[in-house]
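Chemist: Model the following, please.
(one chain, ligands or ions: 3)
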Amino acid sequence: MGIIEKIREIEAEMARTQKNKATEYHLGQLKAKIAKLRTQLLEPPKGSSGGGEGFEVTKFGHGRVALIGFPSVGKSTLLTMLTGTHSEAASYEFTTLTCIPGIIHYNDTKIQLLDLPGIIEGASEGKGRGRQVIAVSKSSDIVLMVLDASKSEGHRQILTKELEAVGLRLNKRPPQIYFKKKKTGGISFNSTLPLTHVDEKLCYQILHEYKIHNAELLFREDATVDDLIDVIEGNRKYMKCIYVYNKIDVIGIDDVDKLARQPNSVVISCNLKLNFDRLLAKMWDEMGLVRVYTKPQGQQPDFADPVVLSADRGGCTVEDFCNHIHRSLVKDVKYVLAWGTSARHYPQHCGLSHVLQDEDVVQIVKKKETEEGGRGRFKSHSTAPARISDREKKAPLKT
Ligand SMILES: Nc1nc2c(ncn2[C@@H]2O[C@H](COP(=O)(O)OP(=O)(O)OP(=O)(O)O)[C@@H](O)[C@H]2O)c(=O)[nH]1
Ligand SMILES: [K+]
Ligand SMILES: [Mg+2]
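Modeler: Numbers count the residues shown, from 1 in each chain. Ligands and ions are numbered 1, 2, ... in the order given. Next up is the predicted model:
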């Protein structure tokens with residue numbers, strides 16, 4: 001029997017089983033069995049190089065955003081409009097067959113936008129180009145789920161389910177469960193609060209299903225059995241997702257209003273070029289990019305060419321900033337002077353662990369230079385930059 005048939009069989013058994021206290025343990029075990037099979041399904045077939053053939057696109061820019069959705073919802077039309085890169089659009093389904101990259105220029109940063117083939121129900125199990133599309137989605141920083149505003153609301157659930165089946169968790173944070181495998185000592189089970197969804201016996205059973213007999217388990221929230229399985233599997237990817245409802249030109253204003261009020265959603269129309277500003281601003285917010293402007297001593301900061309950091313990828317500390325400029329820089333840095341929202345006063349002397357924020361201005365002060373009285377490009381004394389952002393314009397910065 002193939003993996004997919006096995007999954008079907010267990011799903012059928014779960015559907016037959018009544019949910020109550022007596023069946024709780026059995027259902028939990030079945031869930032773990034399915035999770036294990038789905039992980040098997042994700043492993044590339046023996047002898048192949050992986051699931052992304054023909055879809056490899058070099059990463060470019062400061063972040064990557066994937067467009068996923070059912071066929072003909074307007075993904076390619078949107079890519080063409082936001083990036084200027086042409087991607088074939090047509091009224092028939094599966095117009096796009098590969099991954100097509102474009103670049104969005106926004107807030108002095110470059111964001112790579114990826115157009116992808118439409119995916120359908122069953123994509124997670126290999127239908128259509130599902131596997132490749134999902135692999136590319138996982139490689140991106142956020143996902144834009146493009147939906148046809150005139151079609152069923154169910155599409156959003158179907159796509160979410162497909163992505164969940166391959167370990168993607170949209171707009172969720174990792175469960176607050178500490179889990180560590182041990183060599184000996186049995187299972188130690190603890191929680192910092194009363195648990196209403198699982199008990200010790202159920203957790204033991206799930207661990208047993210994974211052949212784990214020695215481990216430390218600490219619940220820091222009232223988690224479910226699905227959360228526990230996610231933590232044990234350990235291969236889940238937590239991603240931000242914006243639900244983009246396109247084609248609002250063909251529905252009534254009341255329906256538009258309803259969609260627009262849903263969490264993490266933006267309504268747009270490619271035909272009428274409607275609400276792109278809103279979409280870009282939301283995308284920018286969700287990406288959490290941090291622009292840091294470098295200010296050479298005695299000069300204005302270079303506001304056109306920021307160093308772009310990200311809390312999710314690489315971090316936003318002064319050390320991360322230095323490493324971004326040059327790997328060997330950090331050992332020469334004595335401290336930095338920082339202006340902007342991360343600074344308590346202007347300029348603030350900051351060490352390597354200081355966390356920078358978007359639109360901060362930073363001047364590097366090197367060890368040698370201060371000792372020798374400020375030689376070279378960066379010096380310890382500085383004149384303040386004339387501006388950091390519009391917000392700072394009103395109160396010019398003083399050193
Ligand atoms: N009414 C309306 N039609 C649109 C809008 N945006 C795109 N379309 C139309 O929807 C159809 C599909 O557009 P595509 O951009 O090819 O859609 P896609 O999601 O890339 O489709 P596949 O590549 O086949 O998955 C085309 O006929 C577009 O002209 C819109 O805002 N309003
Ligand atoms: K199409
Ligand atoms: Mg397309």
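Chemist: going forward, measure contacts and count neighbours with C-alpha atoms only.
Modeler: OK.
Chemist: Please give the element, helix or strand, for the residue positioned nearest the centre of the chain.
Modeler: By CA atoms, centre = their mean, the chain has its centre lying nearest to Met239, at 3.3 Å. Taking DSSP states H and E as the definition, one finds Met239 inside strand 237-246.
Chemist: The helix or strand that comes right after that strand near ligand 1 anywhere?
Modeler: Downstream of strand 237-246, the next assigned helix or strand under DSSP H and E is helix 253-260. No. Helix 253-260 lies out of reach of ligand 1 by CA under 6 Å from any ligand atom, never closer than 12.7 Å.
Chemist: and this structure, which of its residues are near ligand 1?
Modeler: Counting by CA under 6 Å from any ligand atom, the residues of the chain near ligand 1 are 71-77, 89-91, 93-96, 117-118, 246-247, 249-250, 269-271.
Chemist: Any idea what the residue nearest to the centre of the chain is bridged to?
Modeler: Note on Met239: beta-bridge partners Leu170, judged by DSSP bridges.
Chemist: just the one 5 residues further on next, same as before
Modeler: When bridges are called by DSSP bridges, Val244 pairs up with Val146, Val266.
Chemist: which of the residues in the biggest helix by length in the chain are buried?
Modeler: Determined from DSSP state H, the single longest helix within the chain is helix 24-42. Across helix 24-42, burial judged by 16 or more other CA atoms under 10 Å covers 24-36, 38, 41-42.
Chemist: Torsion angles phi and psi at Leu289?
Modeler: In terms of degrees, to the nearest 10, the main-chain angles of Leu289 are phi -80, psi 150.
Chemist: picking up where we left off before, check contacts around the residue nearest to the centre of the chain.
Modeler: Residues near Met239 by CA atoms under 8 Å, 6 or more residues apart in numbering: 141-143, 168-172.
Chemist: 6 Å instead, please
Modeler: By CA atoms under 6 Å, 6 or more residues apart in numbering, Met239 lies in contact with 142, 170-171.
Chemist: What of Ala149?
Modeler: By CA under 6 Å, 6+ apart, the neighbours of Ala149 are 245-248.
Chemist: Weed out the non-buried ones from the contacts of Met239.
Modeler: Buried among these (16+ other CA under 10 Å): 142, 170.
Chemist: I'd like the contacts of Met239 laid out as TSV, including distance to His345.
Modeler: Listed next are those as TSV, based on distance: CA to CA, whole Å:
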residue	distance to His345
Ile142	34
Leu170	38
Asn171	35
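Chemist: Go through the contacts of Met239 and say which is closest to ligand 1.
Modeler: Minimum distance to ligand 1 across those is 17.8 Å, recorded for Ile142 (CA to the nearest ligand atom).
Chemist: if I read this right, that closest one contacts Val65, doesn't it?
Modeler: Yes. Counting by CA atoms under 6 Å, Ile142 does reach Val65; the two are 5.2 Å apart.
Chemist: do you know how far Asp222 is from ligand 1?
Modeler: 39 Å (CA to the nearest ligand atom, to the nearest Å).
Chemist: Now that residue: phi and psi?
Modeler: phi -80, psi 70.
Chemist: Near it, how many other residues are there?
Modeler: 17 (other CA atoms under 10 Å).
Chemist: Nearest residue to it in space, please, no chain neighbours.
Modeler: Once flanking residues are discounted, Asp222 sits nearest to Leu195: 5.1 Å by CA to CA, 6 or more residues apart in numbering.
Chemist: ok, now His155?
Modeler: Leu147 (7.5 Å).
Chemist: so who does the one you found touch?
Modeler: Taking CA under 6 Å, 6+ apart as the test, what Leu147 contacts is 73, 244-245.
Chemist: ranking the residues you listed by neighbours, who comes first?
Modeler: Val244 (27 neighbours).
Chemist: possible to save the contacts of Met239 as CSV with distance to ligand 2 and pLDDT?
Modeler: Formatted as CSV, those follow (distance: CA to the ion, whole Å; pLDDT from 0 to 100):
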residue, distance to ligand 2, pLDDT
Ile142, 23, 96
Leu170, 25, 96
Asn171, 27, 96
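Chemist: so Ile268 makes contact with Tyr243?
Modeler: No. Ile268 lies out of contact with Tyr243 (CA under 6 Å); the separation is 10.5 Å.
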